[in-house]
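> with the input below, show me the fold.
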Amino acid sequence: MEMKLFYLGEISGMNANQVKDAEEFIKSRVYGIIATNNPETGARLSALNNLIGQTLETLHYGTNSTSQKVKNILADPRCEVMYTNEDGGQLMLAGTAEIVTDTAVKESLWEEWMNEYSPEGPAGNGICVIRFKPESIRTMIC
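The predicted model follows:
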């Protein structure tokens, strides 16, 4: 199987084709996995819902506002996000995250599934957005 993208390093060092390949890989996944730092128990893995418009500059994820990953990010914004596929491809990003509760941001990223957690829509408190700013990447995509 031919390697489509192999890159280890800072995102700022990637060329346009590498960025395009990485972004296509991310957009082809419904879910990612985030590793946050729980001050009491250490690393914690959680699923993420990919939202529209993902780029290597900024990624957004919707989540329940009371989730443990939100508490962990508020305590320590450093985290990693990983995507995999059934062919053994993998893409891991390291960077920092912030919790966004701004109604306009939530409205621009709102998806139907979010209504289950926030029946009042984007103005409600049930859903927030994780804004992730990746700095480095490790990827092997076939």
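> the closest residue in space to Gln90 that isn't next to it in sequence - how many residues pack around it?
Spatial nearest neighbour of Gln90, chain neighbours left out: Thr84 (4.9 Å); criterion: C-beta to C-beta, 6 or more residues apart in numbering. All C-beta spots, glycine's among them, are computed from the backbone N, C-alpha and C. Residues near Thr84, counting by other C-beta atoms under 10 Å, number 15.
> and the longest helix seen in the chain, C-alpha only, in CSV?
With secondary structure taken from DSSP state H, the chain has its longest helix at helix 16-27. Output of helix 16-27 as CSV, limited to C-alpha atoms (Å, rounded to 0.1, in the frame of the first residue of the first chain):
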residue,chain,number,x,y,z
ALA,A,16,0.0,22.9,0.7
ASN,A,17,-0.5,19.4,-0.6
GLN,A,18,0.3,17.9,2.8
VAL,A,19,-2.2,20.3,4.5
LYS,A,20,-4.9,19.3,1.9
ASP,A,21,-4.3,15.6,2.4
ALA,A,22,-4.4,15.9,6.2
GLU,A,23,-7.6,18.1,6.1
GLU,A,24,-9.3,15.6,3.8
PHE,A,25,-8.5,12.8,6.2
ILE,A,26,-10.0,14.7,9.1
LYS,A,27,-13.1,15.7,7.2
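> following element in sequence after it, please.
strand 31-38 (DSSP states H and E).
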